[in-house]
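In: mind folding the following:
(2 chains)
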There are 2 protein chains.
Amino acid sequence: MSTAARPRPSGRLLYAQSGGVTAVINATAAGVIEAARARGVQVYAARNGILGALREELIDTSKESKAAIAALRHTPGGAFGSCRYKLKSLEANRAEYARLIEVLRAHDIRWFLYNGGNDSADTALKISQLGKAMGYDIRCIGVPKTVDNDLAVTDCCPGFGSVAKYTAVAVREASLDVASMADTSTKVFILEVMGRHAGWIAASAGLAGEGADAPPHLILFPERTFDEDAFLAKVKATVERVGWCTVVASEGIRNAAGQFLAEAGTRDAFGHSQLGGVAPVLAALVKEKLKLKVHWALPDYLQRSARHLVSKTDAEQAYAVGKAAVEYALAGRNAVMPVIVRTADAPYRWKIEPAPLARIANHEKTLPKSFLARDGFGITAAARRYLAPLIQGEAPPPYGRDGLPRYVQLKNVAVARQLPAFTP
Amino acid sequence: MSTAARPRPSGRLLYAQSGGVTAVINATAAGVIEAARARGVQVYAARNGILGALREELIDTSKESKAAIAALRHTPGGAFGSCRYKLKSLEANRAEYARLIEVLRAHDIRWFLYNGGNDSADTALKISQLGKAMGYDIRCIGVPKTVDNDLAVTDCCPGFGSVAKYTAVAVREASLDVASMADTSTKVFILEVMGRHAGWIAASAGLAGEGADAPPHLILFPERTFDEDAFLAKVKATVERVGWCTVVASEGIRNAAGQFLAEAGTRDAFGHSQLGGVAPVLAALVKEKLKLKVHWALPDYLQRSARHLVSKTDAEQAYAVGKAAVEYALAGRNAVMPVIVRTADAPYRWKIEPAPLARIANHEKTLPKSFLARDGFGITAAARRYLAPLIQGEAPPPYGRDGLPRYVQLKNVAVARQLPAFTP
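Out: Numbering: from 1, shown residues only, chains lettered A, B, ... in the order given. Just a heads-up that it's a prediction; the model follows:
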């Protein structure tokens, strides 16, 4: 897509981050802003995602230095703020959509880039439709992002590869610790990972080792009903054979009654319901039934904010989708998403292509059955083939002399309001 | 200490790892083995720490390649196995000490290097004394190691700096995540860290940021009795002022009754006592009393096995104490430990010196009161001055083309037994 002969486009571009942030979503922001700057287009960012667009809380990214924008590429979190806020259907809340169009119009926003998951793709699609209906010329591009890896069409989702790498490394490192102490100390180690609905992250733990004796010895997928007897039997057999056992559990596993194990009614001494954690529930089970010493870890946000350990592949893809989104927008495309297309497994090759938002919005890509080992506790060769390239390569952040990663804090200069206040 | 003119010493050296392992204890092993090889001394390692010495389960490290030993420098866990096993007093269990001397004698072990904490220093001291009493010429050197940083005399303990760095980085990264979502999602994030008796690791979290508004906003030290009202008030005030709040809690905090919060009787739905976790207890409190959305993380072994994120300073000191231990041993020193002496804060300078085990055994270095901020929820400038150099520098492991760190698995070839079996 050569840009050499093109005139400077008229109007501004609005970029918004949506939903849970990742270690590389700001790399996408960097891709967007650098590509737009190269074309002479001013980028506004919505503060706290779509809420900022509704509230007319906009940030002028042209006030940021070139170095600050480049540093976004290695800074985790969401630089402009993100939010969990799903716009209702057009019928249910036409006022919000109308307000969005009003804000876009007031600031001469001609391109809207929405960086998120399924819901965001749906919102971007609706805004593009409403713009047409309301006679306002706006191009809407969905930009993929989610650690859950559950977006349709795209081969993988920016953000996922880095959590996958974090998880595989954590399993490898912690297992070396457990193995060396198992003679007199912990025999079973349980790592709880994100993924309430789909076992993509849990599956990635399988990359840590291969073969029956290599960790992780058991992976508990949300796609499989938790079978206490089978679980305990396999843990017991592993400890007897290997001397210790590493378990990776998705936060989303459920019992036969369909309840999340993590919410199966744990209460503390005061009668408060405990907050989350399938790992402690499993740990109590192992201790109670197998009388084995057990430890557990729950990295929570650490796994999705660990910019220090991202996959280079993931970081590059995150940047590339941002850049492509701008190219598509300025080329006049509408209601599409730049998706990652895999052209070869080994050596891994990929490219970016546009896909219609209508094919992505509100769909969910689940873990294929062919990725789960027959006993339900591991991954198959097909899963390895898919997952392996996504964690390849390192892209560490720069570190200061203080030994800490140098993450950028943007100035986030507010754009003057043009409209009356609005409360979403 | 020039080695040029010295004859090859006669006898073997035995190296054993003790207690909880660290991300850099194998760097110490590399220092030991490489220094001994340079002097032509064969190194045996005890399998699973002192238990291997008692059971006569010895490993011949001369069967390992030069490359394998070099790779120990970047491999976490304990390469020969470690154990939690404290020898009783000489009076209470003379048989075990006598057995140790017997094993040492059978394999012509003339130098014993014991790599651990306070207990190990005590054991090494006792063996040196008993050797003398039993007419067996053995030099015993304690080699420092502990993430708890609680050894006396030495300025810091190999293993600690890397956990400190892990903790500070985790706070910085997760806080960026929380900050970007706080408008509509999590307002309070709680990170639980190791350190049951001393708040060294908790204190290191303070390096993540400086000033009242920078995370971590609260650190809960085991040195301070947990004050629920003060805790909730500060969390509330922080959320009101900053918009969100990051809390770092030591696993060892206790209530006014002296009970560990983590063991304050939490039970799951089946009536099982929950296993550990002060973070979920605090999270429930915040949710219940402040009605704020809260997330928590408990990295457990991940924090002490994270070789991918070690402090270069720590990794270098871990290697240096191993090397120095061999030099001391071969120079005929006995019942000493190579300790780290700080000669300057900024720029940081350090050297290794021998210190008598008698000054170290069974002592515990606690966090100075001058390191805790007046309100008990943060660290002082003095603490920063002490802690800052310990997390400086990066020393990442090599990564394979698969995107995973390349950690070495030794062959661990067993030495033929000379003695009858013995069950400790």
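In: what about the closest residue to A:E96 other than its chain neighbours, neighbour count?
Out: Spatial nearest neighbour of A:E96, excluding adjacent residues (Cβ to Cβ, 6 or more residues apart in numbering or on different chains): A:L87 at 5.7 Å. Quick note: C-beta positions are derived from backbone N, CA and C, even for glycine. Neighbourhood size, A:L87 [other Cβ atoms under 10 Å in any protein chain shown]: 19.
In: so A:L87 is in which element?
Out: Assigned by DSSP states H and E, A:L87 falls within no helix or strand.
In: report the contact partners of it.
Out: A:I50, A:N93, A:E96, A:Y97, A:T123, A:K126 (Cβ atoms under 8 Å, 6 or more residues apart in numbering or on different chains).
In: what does the pLDDT read for the first one?
Out: So the one you mean is A:I50. At A:I50, the model reports a pLDDT of 95.
In: which phi and psi values does A:V43 adopt?
Out: phi -110, psi 120 (degrees, to the nearest 10).
In: isn't it right next to A:R37, touching?
Out: Yes - with contact defined as Cβ atoms under 8 Å, A:V43 and A:R37 form a contacting pair (7.5 Å).
In: common neighbours of these two, please.
Out: Shared contacts of A:V43 and A:R37, counting by Cβ under 8 Å, 6+ apart, come down to A:S62.
In: more neighbours, these two?
Out: Taking neighbours as other Cβ under 10 Å, A:V43 and A:R37 compare with A:V43 leading, 24 against 16.
In: is that one in a bridge, and if so with what?
Out: A:L13 (DSSP bridges).
In: show me where chain A has helices.
Out: Remark: helices assigned in chain A by DSSP state H are A:25-38, A:50-55, A:66-72, A:94-106, A:118-133, A:160-181, A:200-204, A:228-242, A:278-290, A:301-305, A:312-330, A:381-387.
In: got the contact list for A:K312?
Out: A:Q392, A:G393, A:E394, A:A395, B:G403.
In: repeat that for 7 Å
Out: A:Q392, A:G393, A:E394, A:A395 (Cβ atoms under 7 Å, 6 or more residues apart in numbering or on different chains).
In: swap in A:A414?
Out: A:E57, A:I59 are the contacts of A:A414 under Cβ under 7 Å, 6+ apart.
In: how close does the most far-flung residue of chain A relative to its centre get to chain B?
Out: Distance from the C-alpha centroid of chain A peaks at A:T184, with 38.7 Å (Cα atoms, centre = their mean). Distance check for A:T184 against chain B: by Cβ to the nearest Cβ, to the nearest Å, it reads 4 Å.
In: which non-adjacent residue is nearest that residue?
Out: In space, A:T184 is closest to B:C83, 4.3 Å off (Cβ to Cβ, 6+ apart).
In: how many neighbours does the closest residue to A:T246 other than its chain neighbours have?
Out: Nearest residue to A:T246 in three dimensions, chain neighbours excluded: A:P215, at 3.8 Å (Cβ to Cβ, 6+ apart). By other Cβ under 10 Å, the residues close to A:P215 number 25.
In: OK, contacts around A:P215?
Out: A:V171, A:S175, A:A208, A:G209, A:T246.
In: so the last one sits right up against A:R172, yeah?
Out: No - because the distance of 9.5 Å does not satisfy Cβ atoms under 7 Å, A:T246 is recorded as not touching A:R172.
In: for the nearest residue to A:R224 once chain neighbours are set aside, grab the count of nearby residues.
Out: Nearest non-adjacent residue to A:R224, counting by Cβ to Cβ, 6+ apart: A:G376, 4.6 Å away. A:G376 is flanked by 18 other residues according to other Cβ under 10 Å.
In: roughly how far does A:G376 sit from chain B?
Out: From A:G376 to chain B the distance is 23 Å (Cβ to the nearest Cβ).
In: distance check, that residue against B:E173.
Out: Distance check for A:G376 against B:E173: by Cβ to Cβ, to the nearest Å, it reads 33 Å.
In: A:K411 too?
Out: From A:K411 over to B:E173 the distance is 21 Å, taken as Cβ to Cβ.
In: neighbour count winner among the two?
Out: More crowded of A:K411 and B:E173, by other Cβ under 10 Å: B:E173, with 27 against 12.
In: residues contacting that one?
Out: Neighbouring residues of B:E173 by Cβ under 7 Å, 6+ apart: A:P76, A:L302, A:S305, A:A306, A:R307, A:H308.
In: ok, which of these also contact chain B?
Out: A:P76, A:L302, A:S305, A:A306, A:R307, A:H308 (Cβ under 7 Å from any Cβ of the partner chain).
In: out of those, who's nearest chain B?
Out: Of all those, chain B sits closest to A:S305, with 4.1 Å by Cβ to the nearest Cβ.
In: can you report how many residues lie near that closest one?
Out: For A:S305, the count of nearby residues is 27 (other Cβ under 10 Å).
In: equivalent analysis for A:A331, please.
Out: 13.
In: A:G243 too?
Out: For A:G243, the neighbour count with other Cβ under 10 Å is 14.
In: phi and psi next, for it.
Out: phi 110, psi -20.
In: hmm, back to that, was I right to think the residue nearest to A:T184 contacts A:T186?
Out: No - counting by Cβ under 7 Å, B:C83 stays clear of A:T186, with 11.7 Å between them.
In: neighbour count for these two, which is higher?
Out: B:C83 (26 against 22).
In: can you pull the contacts of that one?
Out: Listed by Cβ under 7 Å, 6+ apart, the contact set of B:C83 reads A:D183, A:T184, B:S18, B:N48, B:G49, B:I50, B:L51.
In: tell me the contacts of the third one?
Out: If I follow you right, that is B:S18. Contacts here follow Cβ under 7 Å, 6+ apart; on that basis B:S18 touches B:G49, B:I50, B:S82, B:C83, B:Y114, B:N115, B:G116, B:S120.
In: those residues in strands, which ones?
Out: Of these, the ones assigned to strands by DSSP state E are B:Y114, B:N115, B:G116.
In: and the last one, what is it in contact with?
Out: Shown here is B:G116, whose contacts under the criterion Cβ under 7 Å, 6+ apart are B:S18, B:G19, B:K145.
In: quick revisit: pLDDT check: weakest of the contacts of A:L87?
Out: Among the contacts of A:L87, A:N93 has the weakest pLDDT, 85.
In: residues near that one, how many?
Out: Count around A:N93 with other Cβ under 10 Å applied: 13.
In: low-confidence bits of the stretch 1-150 of chain A, can you list those?
Out: A:1-8 (pLDDT under 70).
In: mind redoing it with 50?
Out: A:1-3 (pLDDT under 50).
In: interface residues of it facing chain B?
Out: A:V21, A:N48, A:L51, A:P76, A:G77, A:G78, A:G81, A:S82, A:C83, A:R84, A:Y85.
In: the fourth one: what's it in contact with?
Out: This means A:P76. The contact partners of A:P76, by Cβ under 7 Å, 6+ apart, come to A:A23, A:N26, A:S305, A:R307, A:Y407, B:E173, B:L176, B:D177.
In: what is the neighbour count of the nearest residue to it once chain neighbours are set aside?
Out: Using Cβ to Cβ, 6+ apart and skipping the chain neighbours, the partner closest in space to A:P76 is A:R307 (3.8 Å). Residues within reach of A:R307, counting by other Cβ under 10 Å, total 28.
In: surely A:R307 meets A:T22?
Out: No - A:R307 lies out of contact with A:T22 (Cβ under 7 Å); the separation is 9.2 Å.
In: A:C157 contacts A:V163, doesn't it?
Out: No - using Cβ under 7 Å as the test, A:C157 is too far from A:V163 to be in contact (10.1 Å).
In: that's all I had, so thanks and see you.
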